[in-house]
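**Student:** Generate a structure from the sequence data that follows.
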Amino acid sequence: MGKKRCILDVLRPKHNLFLKSQKTNKKAQVTIFIILGIVILLAVVLVFVLRSEITSIKEDVIPTTKGKVENFITACMKNIGEDSLQKVGLQAGFVEVPIQIQQDANSYLRTSPITQIPYWAQGAQTFIPTLEDIKRRIDLHMEQNLRSCVMDSGAFQESYKMIEHSDITSDVQIIDSKVRFIVNWELDLQTKAGESIADLSEHVFESDVKLKRVYELAKQIVEDEMSSLKIEDITQDLIALEHKDLPVSGFELSCDSKKWDVEKAKSTLKDLLRINLKQLKIKGTDYVEFPEELPYYNSHYIWNVGEELPQDVSATIRFENNFPFTFQVTPSDGRTLRSSAFAGNDLLKAICLQSWKFTYDVSYPVIITARDLTTDYNFNIAMTIHLVRNMPNRKATIVARPSAFLRFSENDVFCQNRRIPMTITTSTLVDNDKDVYYTEPLEDSNIEFVCIKNSCEYGQTELNFEQSGFQSGLTANFPYCVGAILRATKDNHLEDWKRTVTTNGELIELNLVPTKDLGQSKIKIVEHILDDDNKIIGKKELSQDQMVSIIIRFDKNDSKKLQNQVFHESRIAIVPSVADEIEHSNNLTFLAKADFTYDVEINIIEKEKIIGGYKLNWTADWTNLENANEIIFNTVVKEDPSDEEMFDLIVNLPKLSELVEEPQIN
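**Tutor:** Purely as a prediction, here's the structure:
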């Protein structure tokens with residue numbers, strides 16, 4: 001039994017050690033669970049924090065990218081919108097001029113090789129587009145060009161892609177104070193992986209251009225012109241001024257017939273229109289008032305087109321010499337206007353009276369520019385102006401009227417009474433008033449016999465007429481006349497005439513001076529640029545926005561010249577922008593078959609200012625001129641001169657012209 005106790009004693013301490021170890025293990029397990037709980041809690045917190053940061057970053061990225069895309073689309077709208085407004089202003093409400101208008105040269109005014117201004121009024125008809133028409137054209141321009149501007153740029157294609165969910169729909173609003181461009185275009189902005197970032201739909205851009213105001217002003221001007229014929233009245237007044245080169249009616253005690261050049265009359269009227277129409281003001285708009293000492297302008301050149309006009313706008317009306325210009329005057333004799341003479345009877349037989357009365361048919365276009373003073377935006381429209389027989393008339397068509405002398409008796413009866421034989425010879429006369437003088441027979445010259453108010457045609461002269469040998473002429477019977485004029489004309493020759501009394505067997509010799517025409521395509525202008533010290537620093541060719549006037553004069557003693565008239569003068573105006581349209585009729589005429597010394601005067605005009613030219617004597621070598629392919633006129637110019645510099649340039653032009661070479665014939 002004692003052993004049993006011994007065993008029990010031994011086993012007791014072992015049992016206590018196990019219990020103690022068991023308690024220790026339980027404490028360790030609790031610690032591990034606590035650590036794991038903390039780790040899990042931290043992980044959960046970290047997940048929420050990361051998710052919050054990702055959401056925050058994404059929310060920041062989406063507006064930034066969306067804003068950039070929206071700004072880019074708006075920038076494209078701005079470029080396209082401003083382009084359409086510019087074209088609408090240049091082309092009378094058209095973004096693109098319709099093909100049916102482009103194909104009819106009578107339906108628009110061309111102001112440059114690429115600019116056409118359709119007529120809003122032509123004759124008795126108007127073609128005024130509505131604001132709704134203009135809106136549709138601008139909408140179409142936006143819809144046709146916005147997609148390519150945005151998509152073809154590649155601005156966002158490296159990182160994003162845009163998916164279209166609708167077509168582009170433009171809705172331009174032309175309101176009083178601005179133009180609002182609204183575009184509906186549904187776009188889905190996505191990442192390259194296809195995740196949607198933002199949806200875009202409506203895009204808006206606004207322009208401060210007051211298109212509605214300038215349109216309404218231009219429309220009011222055209223509508224009032226159609227009823228009041230205001231510009232026709234101004235034209236009629238300018239003709240009635242009786243400018244010395246633009247005769248209308250009158251009489252003079254003289255036995256010498258008065259003559260006017262038809263082309264000179266035409267150019268004079270064009271100059272009067274160009275200068276005076278710019279002075280026409282629209283009442284109620286912003287303009288500089290005329291001085292009180294000009295009552296005529298205050299009463300005639302302020303145009304009331306309506307009581308209620310748009311605010312902050314102005315208007316100008318202009319005509320330029322290079323615009324199309326239909327002009328005819330009757331009675332005329334080809335290129336000359338002449339007075340008719342009456343001789344008195346009995347006690348008054350020594351008194352001669354010259355009388356004249358001319359009527360003009362005129363048609364030409366004007367440009368009316370309505371200007372938005374707040375943005376300097378110009379809206380151009382064109383319309384035609386019409387006078388028939390000196391009277392304003394938009395309804396009548398200008399019909400070609402044959403040239404004729406002013407006749408007060410039956411011309412045919414006079415010409416049939418031919419009973420006095422005379423001989424007329426015609427020759428070429430070459431006389432440079434220096435070292436060349438000779439004549440030679442000239443056939444095919446047209447002979448005309450003029451007696452006061454009657455004119456008889458005698459056909460052309462022939463070489464070896466009536467076996468006369470080396471002579472050109474004709475022998476015919478003429479009516480009796482105490483103060484007859486025999487005149488000879490031929491193409492490429494200056495005419496000649498002589499006064500005579502019809503006498504049996506009289507011989508009249510007429511000498512025509514040969515000429516040589518050079519078209520503007522064979523004339524080249526080289527501009528040598530002057531610095532402030534009048535030294536040449538470079539050269540350039542004539543630009544499209546410049547105009548050149550060239551005058552050549554040759555003078556000598558001649559008994560047939562009028563007072564202050566030179567023997568020969570030729571003028572040409574070169575306007576590069578319309579060169580092709582007037583090439584056939586724009587020539588510079590030189591005297592032929594000898595070397596002639598001309599007084600050359602060239603003026604270069606830019607923005608209505610003379611910026612340079614050339615003024616010296618020049619001897620044209622006939623050997624080179626006869627087969628000339630080109631004449632180069634060297635000129636001196638100053639770029640954008642001040643008024644003082646321009647005055648100095650004009651005064652000293654002969655001296656400055658010595659800095660460049662004289663004209664060259666190639």
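**Student:** now the strands: where do they sit in the stretch 451-600 of the chain?
**Tutor:** Ranges of strands in the stretch 451-600 of the chain, per DSSP state E, counting those that start in this stretch, are 454-460, 462-463, 472-478, 484-489, 493-494, 496-500, 506-519, 523-530, 536-541, 546-554, 568-574, 587-591, 596-606.
**Student:** May I see the ones you listed organised as CSV, with distance to Tyr297 and mean neighbour count added?
**Tutor:** For the C-beta atoms, the positions are set from N, CA and C on the backbone; glycine is no exception. Below are the strands of the stretch 451-600 of the chain laid out as CSV (distance: least, C-beta to C-beta, whole Å; neighbours: other C-beta atoms under 10 Å):
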stretch, distance to Tyr297, mean neighbour count
strand 454-460, 43, 17
strand 462-463, 59, 16
strand 472-478, 54, 19
strand 484-489, 43, 21
strand 493-494, 42, 18
strand 496-500, 43, 16
strand 506-519, 40, 17
strand 523-530, 36, 20
strand 536-541, 40, 12
strand 546-554, 27, 20
strand 568-574, 28, 18
strand 587-591, 37, 20
strand 596-606, 25, 19
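**Student:** can you redo those as JSON lines with mean pLDDT and distance to Cys76?
**Tutor:** What follows is the strands of the stretch 451-600 of the chain, written out as JSON lines (pLDDT from 0 to 100; distance: least, C-beta to C-beta, whole Å):
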{"stretch": "strand 454-460", "mean pLDDT": "88", "distance to Cys76": "71"}
{"stretch": "strand 462-463", "mean pLDDT": "92", "distance to Cys76": "76"}
{"stretch": "strand 472-478", "mean pLDDT": "93", "distance to Cys76": "76"}
{"stretch": "strand 484-489", "mean pLDDT": "93", "distance to Cys76": "66"}
{"stretch": "strand 493-494", "mean pLDDT": "94", "distance to Cys76": "64"}
{"stretch": "strand 496-500", "mean pLDDT": "91", "distance to Cys76": "71"}
{"stretch": "strand 506-519", "mean pLDDT": "94", "distance to Cys76": "47"}
{"stretch": "strand 523-530", "mean pLDDT": "95", "distance to Cys76": "40"}
{"stretch": "strand 536-541", "mean pLDDT": "93", "distance to Cys76": "37"}
{"stretch": "strand 546-554", "mean pLDDT": "92", "distance to Cys76": "36"}
{"stretch": "strand 568-574", "mean pLDDT": "89", "distance to Cys76": "42"}
{"stretch": "strand 587-591", "mean pLDDT": "92", "distance to Cys76": "51"}
{"stretch": "strand 596-606", "mean pLDDT": "94", "distance to Cys76": "36"}
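**Student:** now these as TSV including distance to Leu280?
**Tutor:** Rendered in TSV, the data for the strands of the stretch 451-600 of the chain read as follows (distance: least, C-beta to C-beta, whole Å):
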stretch	distance to Leu280
strand 454-460	42
strand 462-463	56
strand 472-478	53
strand 484-489	41
strand 493-494	40
strand 496-500	43
strand 506-519	35
strand 523-530	33
strand 536-541	36
strand 546-554	22
strand 568-574	24
strand 587-591	34
strand 596-606	22
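**Student:** nearest to Glu644, of those strands?
**Tutor:** When the strands of the stretch 451-600 of the chain are ranked by proximity to Glu644, the top entry is strand 523-530, at 14.4 Å, counting by C-beta to C-beta.
**Student:** ok so, going back, with respect to Leu269, which of the strands of the stretch 451-600 of the chain lies nearest?
**Tutor:** Counting by C-beta to C-beta, Leu269 lies closest to strand 568-574 out of the strands of the stretch 451-600 of the chain; the figure is 15.1 Å.
**Student:** beta partners of Ala370?
**Tutor:** Applying DSSP bridges to Ala370 yields these beta-bridge partners: Ala315, Phe379.
**Student:** roughly how far apart are it and Thr115?
**Tutor:** Distance of Ala370 to Thr115, given as C-beta to C-beta, to the nearest Å: 17 Å.
**Student:** The two: which has the busier surroundings?
**Tutor:** For the pair Ala370 and Thr115, the greater number of neighbours falls to Ala370 (28 against 15), based on other C-beta atoms under 10 Å.
**Student:** Is it correct that that one is in contact with Tyr215?
**Tutor:** Yes. The pair Ala370 / Tyr215 is scored as a contact, 7.4 Å apart, by C-beta atoms under 8 Å.
**Student:** Would you mind listing the residues touching both of these two?
**Tutor:** Counting by C-beta atoms under 8 Å, 6 or more residues apart in numbering, the shared contacts of Ala370 and Tyr215 are Phe379.
**Student:** related to what we said a few turns ago, ok, which of the strands of the stretch 451-600 of the chain comes nearest Asp435?
**Tutor:** Among the strands of the stretch 451-600 of the chain, strand 596-606 comes nearest to Asp435, with 11.0 Å by C-beta to C-beta.
**Student:** Quick check: neighbours of the closest one in the sheet, parallel or antiparallel?
**Tutor:** Pairing partners of strand 596-606, with direction, according to DSSP bridges: strand 546-554 (antiparallel), strand 609-620 (antiparallel).
**Student:** what does the last one contact?
**Tutor:** By C-beta under 8 Å, 6+ apart, the list of residues contacting strand 609-620 from outside reads 527, 530, 546, 590, 595-605, 633-641, 646, 649-650, 653-654, 657-658, 660, 662-663, 665.
**Student:** need the next SSE after it, C-terminal direction.
**Tutor:** Beyond strand 609-620 on the C-terminal side, the first helix or strand identified by DSSP states H and E is helix 622-625.
**Student:** elements contacting the helix or strand following that next one?
**Tutor:** Elements were assigned by DSSP H and E; along the chain past helix 622-625, the next helix or strand is strand 631-637. Here strand 631-637 is seen to pack against strand 523-530, strand 596-606, strand 609-620, helix 653-657, strand 664-665 when contacts are counted using 3 or more C-beta pairs under 8 Å, 6 or more residues apart in numbering; DSSP states H and E.
**Student:** Any buried residues in strand 631-637, and which?
**Tutor:** For strand 631-637, the buried set under the neighbour-count rule, 16 or more other C-beta atoms under 10 Å, comprises Ile631, Phe633, Asn634, Thr635, Val636, Val637.
**Student:** For my notes, please list these in JSON lines and give pLDDT and distance to Val575 for each entry.
**Tutor:** Written out in JSON lines, the entries for these read as follows (pLDDT from 0 to 100; distance: C-beta to C-beta, whole Å):
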{"residue": "Ile631", "pLDDT": "96", "distance to Val575": "18"}
{"residue": "Phe633", "pLDDT": "96", "distance to Val575": "16"}
{"residue": "Asn634", "pLDDT": "96", "distance to Val575": "20"}
{"residue": "Thr635", "pLDDT": "96", "distance to Val575": "16"}
{"residue": "Val636", "pLDDT": "96", "distance to Val575": "20"}
{"residue": "Val637", "pLDDT": "95", "distance to Val575": "17"}
